[in-house]
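Enquirer: Give the three-dimensional model of this entry:
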Amino acid sequence: MSTRVSPGQDSRSSLTEHVITVLLIDDQAMIGEAVRRMLAEEQDVVFHYLQDPTQAIQRATELSPTVILQDLVMPEIDGLTLVKFFRAHATLRDVPLIVLSTKEDPKIKAEAFALGANDYLVKLPDKIELIARIRHHSKGYINLLQRNEAYKALVKSQEALAAELAQAADYVRSLLPPPLNGEITTHWRFIPSMSLGGDAFGYHWLDDDHFAMYLLDVCGHGVGPALLSISAMNVLRSQTLPNADLHNPADVLRALNASFQMEEHNGLYFTMWYGVYQKSQRRLTYASGGHPPAILFNGKDQKTAGAVELKTKGFIVGGMPDVPFESARVDLDEYAKLYFFSDGVYEVFSPEGTMLEFSEFVDQLAKPSEPGVSDIDRILTFVSGYQNGAPLEDDFSMVEVVF
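Expert: Residues are numbered from 1 along each chain as shown. The predicted model follows:
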C-alpha cells in the first residue's frame with residue numbers, strides 16, 4: 001500500500017495516512033492515456049495503468065490500490081471473470097472495484113454487481129464524475145483500512161494490558177500468607193477480576209499472644225491500585241508503620257491514613273478492616289475504615305453460633321487527614337469463626353440486574369458446611385451462579401479464620 005506518515009505522527013493519536021492509488025486495467029492504451037490525463041492534475045492521486053489483464057492480480061497485490069478501474073471486454077480474460085478473481089483474493093477482496101463498459105446494459109450491470117463490483121461506469125465518463133467516484137470509493141476503503149489498523153492496535157494494547165494485569169495479580173498472590181492449620185486455622189480465596197482490583201490481605205503473629213489480620217480494598221482497577229495495595233500490605237507485613245501501635249486497630253488505621261493520603265498517591269484511597277486477636281483472653285479487637293463489616297459466628301457450638309457484624313465508624317483510608325477511627329471488642333466463645341472480605345464478594349448482579357442483598361450473602365455464610373467443600377468455595381459457587389457465570393467485575397477476596 002502506498003502510504004505516508006504525517007509529521008509528528010505518534011501511536012497515540014495518528015493512523016497511517018493512505019494515498020489514493022488507482023489501478024486501471026484495460027487492454028486499450030488510448031483509454032489508459034485518457035484516464036492518466038484526467039487524473040494528472042490531482043496531486044494526491046497516484047495512477048497506475050496495466051494493459052495485460054492476465055497480470056491484474058499480481059500487479060494489484062504489488063500496488064495495493066485504493067480503487068481498481070477495470071474494463072469488462074478484454075482479450076485473454078473475461079472482465080466478469082476477473083471480478084470474481086478479485087473478490088476471491090484474500091488481500092484484494094475489499095478493494096473498491098469500478099467496472100468500465102462501452103454500453104449501458106442493465107443485465108451486465110446487475111451481473112457485475114452480483115459478482116462484487118462496487119460501481120459501473122460507461123467509458124469514458126466525464127472527468128469530474130470519474131474523479132468524484134474515485135475519491136468516494138477510495139475514502140471508504142481507506143476508512144476501512146484505518147478502522148482495521150485501529151482495531152489491531154487496540155487488540156495489541158489490550159493484550160499488553162492483560163499481560164501487565166496478570167503479572168501484577170501474580171505478584172499480589174505471591175505476597176499473600178500461607179494457610180494456617182493449628183491453634184488458629186485460616187483459609188482464603190483471592191480471585192482477581194479481569195481488570196484487577198486493589199484487594200490485598202494478610203495475617204501474622206505480632207507476638208506470642210496477639211494475632212493481627214487485615215484486608216484492604218483500593219478504589220479503582222488496574223496496576224496502579226494493585227501497587228498501592230501492595231505498598232500498604234508490605235508496611236503491615238514488615239511491621240514498620242510509623243507512629244502506630246499495631247496492637248490497636250484504630251491506631252493502625254490512623255497511621256495508614258496519615259501515610260497514604262490520596263493527594264500523594266494519584267487520587268487513590270482504600271477501605272480496610274483490621275483486627276487483633278488476643279489468645280490469652282480470647283478477645284478480638286477490630287476497627288474498620290469505610291469497609292464492609294466482618295462476619296463473626298460466635299457461640300457454644302456451630303449450631304447455636306449467631307452471626308455478628310463487626311464494623312466501627314471510620315472514614316475511608318487516605319480520604320482526609322486527621323479523621324478519627326474507633327476500635328471495638330468482642331469476646332470469643334468456644335466456637336468462633338470469622339470471615340472478612342472485600343465488597344467484590346457480594347456486590348454481584350443477576351442477569352436481570354438485581355444486586356445480591358448483603359443479608360442474603362450472610363444467610364449463605366450461615367448455612368451448614370458441606371463435606372469436602374470449604375465454606376468460601378461454597379460462597380464462590382453461589383456468587384458465580386447468582387450472576388449466571390459472568391466474569392467477576394471486581395476482585396473476590398475472602399478470608400476465613402477459625403479460633
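
Enquirer: Please make it C-alpha for all contacts and neighbour counts, starting now.
Expert: Will do.

Enquirer: low-confidence ranges in the stretch 1-150 of the chain?
Expert: For the stretch 1-150 of the chain, applying pLDDT under 70 flags the ranges 1-14.

Enquirer: Tell me which residue is most central in the chain.
Expert: Ser195 (5.2 Å; CA atoms, centre = their mean).

Enquirer: which phi and psi does that one have?
Expert: phi -100, psi 0 (degrees, to the nearest 10).

Enquirer: Check Thr304 too.
Expert: According to degrees, to the nearest 10, Thr304 has phi -100, psi -10.

Enquirer: same question, Glu76
Expert: According to degrees, to the nearest 10, Glu76 has phi 80, psi -40.

Enquirer: isn't it right up against Ala56?
Expert: No: taking contacts as CA atoms under 8 Å, Glu76 lies outside contact range of Ala56: 11.6 Å.

Enquirer: Of those two, which one has the most company?
Expert: Counted by other CA atoms under 10 Å, Glu76 and Ala56 do not tie: Ala56 has more neighbours, with 21 against 10.

Enquirer: Now the strand or helix carrying the more buried one: buried residues?
Expert: Assigned by DSSP states H and E, Ala56 belongs to helix 56-63. Under the neighbour-count criterion of 16 or more other CA atoms under 10 Å, helix 56-63 has 56, 59-60 buried.

Enquirer: try stretch 198-207
Expert: Quick answer for stretch 198-207 (16+ other CA under 10 Å): 198-204, 206.

Enquirer: Kindly reformat those as CSV containing pLDDT, distance to Val399 and secondary structure.
Expert: Output for the buried residues of stretch 198-207, formatted as CSV (pLDDT from 0 to 100; distance: CA to CA, whole Å; DSSP: H, G, I helix; E, B strand; the rest coil):
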residue, pLDDT, distance to Val399, secondary structure
Gly198, 85, 16, strand
Asp199, 91, 12, strand
Ala200, 91, 11, strand
Phe201, 95, 8, strand
Gly202, 95, 9, strand
Tyr203, 96, 10, strand
His204, 96, 13, strand
Leu206, 96, 19, coil
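
Enquirer: Can you identify each of the helices in the chain by residue range?
Expert: 29-39, 56-63, 79-88, 106-115, 127-175, 223-237, 249-259, 358-366, 375-386 (DSSP state H).

Enquirer: so which of the ones you listed comes closest to Asn181?
Expert: helix 375-386 (15.8 Å; CA to CA).

Enquirer: Pull the distance from the closest one to the chain's centre.
Expert: 24 Å (CA atoms, centre = their mean, to the nearest Å).

Enquirer: From Leu256, how far out is the closest residue to Gln239 other than its chain neighbours?
Expert: The spatially closest residue to Gln239, leaving aside those adjacent along the chain, is Leu246, at 7.5 Å (CA to CA, 6 or more residues apart in numbering). As judged by CA to CA, to the nearest Å, Leu246 and Leu256 stand 11 Å apart.

Enquirer: again, but for Met213
Expert: 15 Å.

Enquirer: mind checking the backbone torsions on Leu268?
Expert: Here Leu268 shows phi and psi, under degrees, to the nearest 10, equal to phi -100, psi 140.

Enquirer: show me the contacts for it.
Expert: Residues in contact with Leu268 (CA atoms under 8 Å, 6 or more residues apart in numbering) are 218-220, 225, 228, 262, 318.

Enquirer: Over to Gln364?
Expert: By CA under 8 Å, 6+ apart, the neighbours of Gln364 are Ile379.

Enquirer: Alright, calling it a day.
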